[in-house]
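> Here is my input; please provide its structure:
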Amino acid sequence: MRTITMSVDELVATLTENAANHAAKYLEAFIGWIDKYYNHVNDEKTRSATISNRFEGAPLEARLATIAEYAAFDPKRFTVAKPQYHGEAYETALAMLEAHVDDTITVDQGEFEQYVLDRWGWTRDFETSYAFNTSYERGAQG
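Model prediction:
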């Protein structure tokens, strides 16, 4: 089966529900990402304070070792990828359906997978990001 014809209202309802689910998951993942970011920043501040404390009153050799350790340290480094929001994909599809003049629409297999089954080209990356960013304990580095 290459194409099917379906009710526009049914497709709009399904796509609207999929869009709401995506937005909710994005929000949850983004909150998790922010939590991981602040935990990372706090860990780096703690490390920086520890390095500074070791520097005070230490012999020259220990100070040089501390400087070398600090020089290799990049406090801005944060490697957790920020979740991506794909709401515009849903918005575009919904806008096109609003402009559609018939009560039914013919969709091909690719469109059906995206609009009805909610399987887009970016779904795997989004789900991976969601799983990683939501697998944390509040206040703990993930």
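> low pLDDT regions in this structure?
44-78, 136-142 (pLDDT under 70).
> can you give me the strands for it?
Secondary structure of the chain (DSSP state E): strands at 3-7, 104-108.
> how many other residues sit next to residue 6?
Residue 6 has 15 neighbours, counted by other C-beta atoms under 10 Å. Where C-beta positions appear, they are placed from N, C-alpha and C, glycine not excepted.
> Just to check, it is in contact with residue 108?
No: taking C-beta atoms under 8 Å as the definition, residue 6 is not a contact partner of residue 108, at 11.7 Å.
> Which strands or helices does the longest helix along the chain pack on?
Secondary structure of the chain read by DSSP state H shows that its longest helix is helix 8-55. Judged by 3 or more C-beta pairs under 8 Å, 6 or more residues apart in numbering; DSSP states H and E, the packing partners of helix 8-55 are helix 60-71, helix 87-99, strand 104-108, helix 109-115, helix 123-134.
> got the angle for that helix vs strand 3-7?
Angle of helix 8-55 versus strand 3-7, following axes from the mean of the first three to the mean of the last three C-alpha atoms, to 10 degrees, is 100 degrees.
> who are the neighbours in contact with the closest residue to residue 100 other than its chain neighbours?
Excluding the flanking residues, the one nearest residue 100 by C-beta to C-beta, 6 or more residues apart in numbering is residue 8, at 5.7 Å. Counting by C-beta atoms under 8 Å, 6 or more residues apart in numbering, residue 8 makes contact with 97, 100, 102, 103, 104, 105.
> Mind checking which of those are buried?
Using 16 or more other C-beta atoms under 10 Å as the burial test, the contacts of residue 8 include 97, 105 as buried.
> Among the contacts of residue 8, which one sits closest to residue 37?
Nearest to residue 37, judged by C-beta to C-beta, of the contacts of residue 8 is residue 97 at 37.0 Å.
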